[in-house]
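S.K.: what's the 3D shape of this:
(one chain, ligands or ions: 1)
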Amino acid sequence: MPDLTLQRCASCGAELPERDARTSCPACGGLLALEHAPPAERGAALRDRFDARLRDAAAGHVADAAGAARASGVWRFRELIMPGATDADIVSQPEGNTPLFHRPSVAAWAGVDGLLLKHDGFNPTGSFKDRGMTVALTQARRAGARAVACASTGNTSAALAAYAALAGVPGLVLVPAPKGGAQQVALGKLAQTLAYGARTLLVRGDFDDCLRLVREGAERLGVYLVNSINPYRIEGQKSVALEILQQLAWNAPDWIVLPAGNLGNTSAVGAALRDAVRLGLIDRAPRIASIQAAGANPFASGYRENFATQHRVKAETVATAIKIGDPASWDRAAAVIREFDGVVTDVSDAEILEAKAAIDAAGIGCEPASAASVAGVRRLAREGVIRAGDRVAAILTGHVLKDPGVLLDYHRADHDAPLVNAPVEVDATLDALARVVDATAAAAGR
Ligand SMILES: Cc1ncc(COP(=O)(O)O)c(C=O)c1O
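M.R.: Sure, this is the predicted structure:
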């Protein structure tokens with residue numbers, strides 16, 4: 001079959017064939033972007049095709065690889081992601097099809113009634129990274145990779161490990177080693193990576209050092225790099241925005257808000273909206289808001305200066321998933337913010353943790369970095385950038401159990417913060433239990 005996808009350098013325009021396993025431009029080192037053959041349909045016909053696949057997925061069952069590919073919320077949009085992939089090529093769990101919640105208590109906390117929470121922590125390994133990894137591992141197999149590798153703050157490594165196991169390709173991950181006795185990667189993520197069987201390297205350095213090292217290694221050692229600089233990762237991650245649009249019956253919200261670290265996801269959401277407008281899936285694009293942690297905010301600083309220069313910082317934040325000081329997808333993401341009338345802001349760790357406690361207490365939960373999106377909604381609503389009547393889809397990128405350490409540290413009896421729910425030690429007597437039941441019911445007015 002002829003190539004249906006071309007890889008093109010975003011800086012110098014050099015072209016690479018579809019299955020070339022290099023993940024940056026061999027001529028100038030720039031980031032690659034994918035150009036697909038246009039789908040046969042547009043507008044209502046293409047929407048109908050995607051909607052029919054959604055109905056089939058709901059009716060079907062997953063017995064084998066082809067069944068998983070048909071049920072996947074990523075591969076449902078395959079014309080926009082990897083049109084040349086056959087069911088036999090696809091490495092899928094399946095993934096995607098994550099819920100879009102409305103939780104009045106969280107909306108009230110943020111001050112925006114129309115706040116919806118797209119919970120990508122409901123993916124198979126508990127984060128949005130599965131959406132990009134199904135495509136990256138599909139491509140790794142098509143390109144005949146001998147191994148795949150990534151640098152990670154934790155979620156990418158968990159997704160790589162699971163999808164490499166599924167694909168039968170060896171996986172290596174580079175994560176920051178513990179520093180001063182403190183883990184630099186959330187416990188749940190490290191545990192998953194080990195469990196799924198990836199070779200796990202604890203690198204003496206931070207995420208930015210891990211990424212530099214794995215990029216060098218990929219170039220010299222012939223392993224396939226599956227960080228989000230890999231354009232196939234971005235293609236898969238586009239599906240989160242396409243799913244939001246489909247869940248809203250193709251009526252775009254006013255805003256899509258998401259946490260931002262290495263900026264792959266900001267780039268992916270923008271690329272999806274570009275496709276959706278170009279192909280007539282929606283008639284107007286939402287605005288995008290990318291939210292950083294105040295201690296890891298190079299992109300927010302760049303935004304304040306109209307992206308005149310690329311900023312780098314020494315990152316420090318409780319939200320380890322976005323503890324990134326030198327984001328790799330800066331150029332792509334800056335273009336997205338400009339194109340979609342976007343905004344970038346930053347929120348403190350205290351705001352992140354309070355937003356997380358509100359999301360957790362609504363019974364759905366998320367990991368700290370994910371809560372940055374909701375903290376960002378509140379900040380932008382208070383500043384009047386997001387208006388009270390706007391329809392806002394905030395992406396929750398990871399599951400509540402990803403980072404139990406931060407969670408347990410928040411809910412300490414001696415922690416003076418909103419929504420603290422410290423465990424209570426009691427004697428093993430009915431009296432002691434009765435006192436707690438009475439107090440709990442009374443506090444809830446029952
Ligand atoms: C839970 C979570 N949220 C947000 C992000 C940020 O995404 P990106 O690095 O693509 O900006 C990450 C990245 O690792 C993540 O794991």
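
S.K.: Surely Gln237 and Asn265 touch.
M.R.: Yes. With contacts counted by CB atoms under 8 Å, Gln237 reaches Asn265, the gap being 5.8 Å. Every residue, glycine included, has its C-beta placed from N, CA and C.

S.K.: list residues touching both of those two?
M.R.: When contacts are counted by CB atoms under 8 Å, 6 or more residues apart in numbering, Gln237 and Asn265 have Phe128, Ser228 as shared neighbours.

S.K.: now the helix or strand encompassing Gly132, how far from the centre of its chain.
M.R.: Gly132 belongs to helix 129-142 when assigned by DSSP states H and E. Distance of helix 129-142 from the chain centroid (CA atoms, centre = their mean, to the nearest Å) equals 14 Å.

S.K.: Render the CA-only coordinates of the helix or strand where Ala58 lies in PDB, please.
M.R.: Assigned by DSSP H and E, Ala58 belongs to helix 43-59. Taking Å, rounded to 0.1, in the frame of the first residue of the first chain, the C-alpha atoms of helix 43-59 are listed here in PDB:
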ATOM      1  CA  GLY A  43     -18.500  17.400   7.600                       C
ATOM      2  CA  ALA A  44     -21.700  15.600   8.400                       C
ATOM      3  CA  ALA A  45     -20.600  12.400   6.600                       C
ATOM      4  CA  LEU A  46     -17.400  12.100   8.600                       C
ATOM      5  CA  ARG A  47     -19.200  12.900  11.800                       C
ATOM      6  CA  ASP A  48     -21.700  10.100  10.900                       C
ATOM      7  CA  ARG A  49     -18.800   7.700  10.300                       C
ATOM      8  CA  PHE A  50     -17.300   8.400  13.700                       C
ATOM      9  CA  ASP A  51     -20.700   8.300  15.500                       C
ATOM     10  CA  ALA A  52     -21.500   4.900  13.800                       C
ATOM     11  CA  ARG A  53     -18.100   3.500  15.100                       C
ATOM     12  CA  LEU A  54     -19.000   4.700  18.600                       C
ATOM     13  CA  ARG A  55     -22.300   2.800  18.500                       C
ATOM     14  CA  ASP A  56     -20.600  -0.300  17.100                       C
ATOM     15  CA  ALA A  57     -17.900  -0.100  19.900                       C
ATOM     16  CA  ALA A  58     -20.600   0.100  22.600                       C
ATOM     17  CA  ALA A  59     -22.400  -2.900  21.100                       C
END
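
S.K.: So for it, what gets flagged as buried?
M.R.: Leu46, Arg47, Arg49, Phe50, Arg53, Leu54, Ala57 (16 or more other CB atoms under 10 Å).

S.K.: any idea which helix or strand comes after that helix?
M.R.: Criterion used, DSSP H and E; the element after helix 43-59 is helix 65-71.

S.K.: Can you tell me the strand partners of the helix or strand just after that following helix and which way each runs?
M.R.: For helix 65-71, the following helix or strand on the C-terminal side (DSSP H and E) is strand 100-101. The strands beside strand 100-101 in its sheet (DSSP bridges) come out as strand 115-119 (antiparallel).

S.K.: does any part of the strand it pairs with sit near the ligand?
M.R.: No. Legend: contact between strand 115-119 and the ligand by CB under 6 Å from any ligand atom is lacking; minimum distance shown is 11.5 Å.

S.K.: Contacts for that strand, please.
M.R.: Against strand 115-119 from outside (CB under 8 Å, 6+ apart): 98-103, 106-107, 240, 243-244, 247, 253, 359, 364, 366, 374, 377, 391-396.

S.K.: With stretch 432-446 instead?
M.R.: With CB under 8 Å, 6+ apart, stretch 432-446 has contacts from Val424, Val426.

S.K.: Try it again at 6 Å.
M.R.: Val426 (CB atoms under 6 Å, 6 or more residues apart in numbering).

S.K.: picking up where we left off before, any idea how far the helix holding Ala58 is from the middle of the chain?
M.R.: With CA atoms, centre = their mean, you get 24 Å for helix 43-59.

S.K.: For that helix, name the packing helices and strands.
M.R.: Helices and strands touching helix 43-59, by 3 or more CB pairs under 6 Å, 6 or more residues apart in numbering; DSSP states H and E: there are none.

S.K.: tell me the mean pLDDT over it?
M.R.: Here helix 43-59 scores 93 as its mean pLDDT.

S.K.: Show me what the helix holding Gly132 packs onto, helices and strands only.
M.R.: Using 3+ CB pairs under 6 Å, 6+ apart: helix 129-142 touches helix 155-167, helix 231-247.

S.K.: for the record, mean pLDDT for the shortest one?
M.R.: Spelled out, it's helix 155-167. Helix 155-167 comes out at a mean pLDDT of 98.

S.K.: Report whether it contacts the ligand.
M.R.: Yes. Counting by CB under 6 Å from any ligand atom, the ligand has neighbours in helix 155-167: Asn155, Thr156.

S.K.: could I get that helix in CSV with only the CA atoms?
M.R.: Taking C-alpha atoms only, helix 155-167 is exported to CSV below (Å, rounded to 0.1, in the frame of the first residue of the first chain):
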residue,chain,number,x,y,z
ASN,A,155,2.9,8.4,33.4
THR,A,156,4.6,8.0,30.0
SER,A,157,6.7,5.2,31.5
ALA,A,158,3.7,3.4,32.8
ALA,A,159,2.0,3.6,29.4
LEU,A,160,5.1,2.6,27.5
ALA,A,161,5.6,-0.4,29.8
ALA,A,162,2.0,-1.6,29.3
TYR,A,163,1.9,-1.1,25.5
ALA,A,164,5.4,-2.5,24.9
ALA,A,165,4.3,-5.6,26.8
LEU,A,166,1.2,-5.8,24.6
ALA,A,167,3.3,-5.3,21.4
